[in-house]
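Student: Next input, structure requested:
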Amino acid sequence: MLRVLFLALCLSSGAAFFSTPASVVSRKQVSRLFVEQVEGNPTYKKVFVAGGTKGVGKCVVESLASSGTQVVCVARSDTSVTDLNTIENVLCHKGDAFDYKSIEDNMWGCDAVITTLGGTTEEGKRVDYEGNNNVIEAAGILGVTRVVLVTSIGCGDSKDAAPPAVFEALKDVLSDKEKAERVLQRYYTNTNWTIIRPGGLKSEKMTGKAILTEDKLAIGSIHREDVADLVVKALKSSSTKKKILSAVDMSLGSNVGGEREVAEFQL
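Tutor: Purely as a prediction, here's the structure:
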């Protein structure tokens, strides 16, 4: 956290508190070289994906790689490293989200970051805050200014959207995810960040009907593949800068309470 506070002071004031090492400058320059403009929207050539071994993260990796984007990720197990490296355009290294240095070293040269980290390790450590915080910090240190963070409905100002029983059951997880959101919002003011909060996750094939919305009371279910599709679209959209968006699928029957209409965010 000390790294976050110190970096935030430097970024927010613009003052040169210290002489930046040449290695850091070169990393920032390399990251910026990858970004091009196509019809007003940025396109990213090399994206670091945290949480890419399963679930939404794995779907994000596959979606980006299939479009020709080079994807970099880390995995804790040799099996996951081997599995991900069988995918064309994917380079997976052995690493751990709890180890800041392994995140920073492998993020070098990337021009955007997506993190879908969540869950608990076999040792009982929850990655929702600590892992996401390491990813966010590394992006700030390396000058990677495009960050998409995937959390959950129930975080922050979407707390009232979650049914009380669900919120109570998940409150510790949601609290950790919310802490990661706050770090990104408060200390990385020069970052083009987007926070996406999915509803209840399902594993069936995508419906293609899921939406993003700024409605803080939106609640419902969504398939993991649809979340990944929306995340990749949001990454590449110029309209999602510093937006917090909920992701739901109104076609799944668990619509917003009271059958309210939900306005779709236009990417």
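Student: correct me, but Ile103 touches Ala97?
Tutor: Yes. If you go by CB atoms under 8 Å, Ile103 and Ala97 touch, sitting 6.4 Å apart. Where C-beta positions appear, they are placed from N, C-alpha and C, glycine not excepted.
Student: what's the overlap in contacts for these two?
Tutor: Common contacts of Ile103 and Ala97 (CB atoms under 8 Å, 6 or more residues apart in numbering): Ala50, Val74, Asn134, Val135.
Student: More neighbours: Ile103 and Ala97, which one.
Tutor: Ile103 (26 against 23; other CB atoms under 10 Å).
Student: what about the more buried one, distance to Arg146?
Tutor: 16 Å (CB to CB, to the nearest Å).
Student: And for Val61?
Tutor: Val61 is 17 Å from Arg146, where distance means CB to CB.
Student: likewise Gly51?
Tutor: Using CB to CB, Gly51 is found at 17 Å from Arg146.
Student: Report the contact partners of Ala247.
Tutor: Ile196, Arg197, Pro198, Gly199, Ala210, Ile211, Leu212, Thr213, Ile222, Asp226, Val227, Leu230.
Student: Disregarding residues adjacent in the polypeptide, which is nearest to Lys58?
Tutor: Closest residue to Lys58 apart from its sequence neighbours, by CB to CB, 6 or more residues apart in numbering: Gly52 at 5.9 Å.
Student: Correct me if wrong: that neighbour contacts Asp83.
Tutor: No. Using CB under 8 Å, Gly52 makes no contact with Asp83, being 10.3 Å away.
Student: Quick check: the gap between the residue lying closest to Pro163 once chain neighbours are set aside and Glu261.
Tutor: Spatial nearest neighbour of Pro163, excluding adjacent residues (CB to CB, 6+ apart): Ile219 at 7.6 Å. Per CB to CB, Ile219 is found 14 Å from Glu261.
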